[in-house]
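# Everything below, folded, please.
(one chain, ligands or ions: 1)
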Amino acid sequence: MMTDVYQHVRHHGTINEFVDWADQAELPIVGIDNLPGSVPLETTTLPQNCVLLFGQEGPGLTDAARAGASMTCSIQQFGSTRSINAGVAAGIAMHTWISQWVLTNPDR
Ligand SMILES: C[S@@+](CC[C@H](N)C(=O)[O-])C[C@H]1O[C@@H](n2cnc3c(N)ncnc32)[C@H](O)[C@@H]1O
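Okay, here's the model as predicted:
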């Protein structure tokens, strides 16, 4: 589908640069990972303006990334698999935000 053509890609060299950028843009960072202390995405209202942060396959969100996040949300899973891949998690989390903020507010 060449969706990359329609995306605005912004590279941040370090997590600290990313956190500073989000702070200046007044965008709270919402971490998405199933780490201890995460709150369930299914029952959490995401901020209307926010940036979602996903972890790397394998290690997940680093401690520095979590420290920069205003909250971290987990996606409920069933069965023995410890986690899903980052692309699947991103689709679920982005659609949750759409369900909370766009489907109920079509003017957005
Ligand atoms: C394959 S996971 C690796 C880290 C994960 N904490 C683990 O223990 O396997 C890669 C990324 O996918 C996302 N992810 C995978 N499963 C998730 C879940 N159940 N809830 C929230 N995010 C998840 C997170 O962003 C995570 O950093």
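
# Helix, strand, or coil at the residue most central in space within the chain?
Nearest to the mean C-alpha position of the chain, by CA atoms, centre = their mean, lies Leu52 at 2.6 Å. Secondary structure assignment for Leu52 (DSSP: H, G, I helix; E, B strand; the rest coil): strand.

# okay, it: pLDDT?
Leu52 carries a pLDDT score of 98 in this model.

# try Thr3
Residue-level pLDDT assigned to Thr3 equals 80.

# Contact residues of the protein facing the ligand?
Residues of the chain lying close to the ligand (CB under 6 Å from any ligand atom) are 32-35, 54-55, 57-58, 60-61, 74-75, 77, 82-86, 89. Just so you know, the C-beta spots here come from the backbone N, C-alpha and C atoms, and that holds for glycine as well.

# Now do the strands in this protein.
29-32, 39-40, 51-54, 71-74 (DSSP state E).

# right, and Thr96 touches Leu41 too?
Yes: between Thr96 and Leu41 a contact is recorded at 5.6 Å, counting by CB atoms under 8 Å.

# quick one: the residue nearest to Thr62 when sequence neighbours are not counted from the ligand, how far?
Excluding the flanking residues, the one nearest Thr62 by CB to CB, 6 or more residues apart in numbering is Ile15, at 6.7 Å. Counting by CB to the nearest ligand atom, to the nearest Å, the separation of Ile15 from the ligand is 13 Å.

# from memory Leu53 sits against Ile32, does it?
Yes: at 6.7 Å, Leu53 and Ile32 qualify as touching, with contact defined as CB under 8 Å.

# Quick check: neighbours shared by the two?
Here Leu53 and Ile32 share the contacting residues Leu61, scored by CB atoms under 8 Å, 6 or more residues apart in numbering.

# Compare the two and say which is more crowded by neighbours.
Ile32 (24 against 21; other CB atoms under 10 Å).

# follow-up on the earlier one: go ahead and confirm the residue nearest to Thr62 touches Arg66.
No: using CB under 8 Å, Ile15 is not in contact with Arg66; the gap is 9.9 Å.
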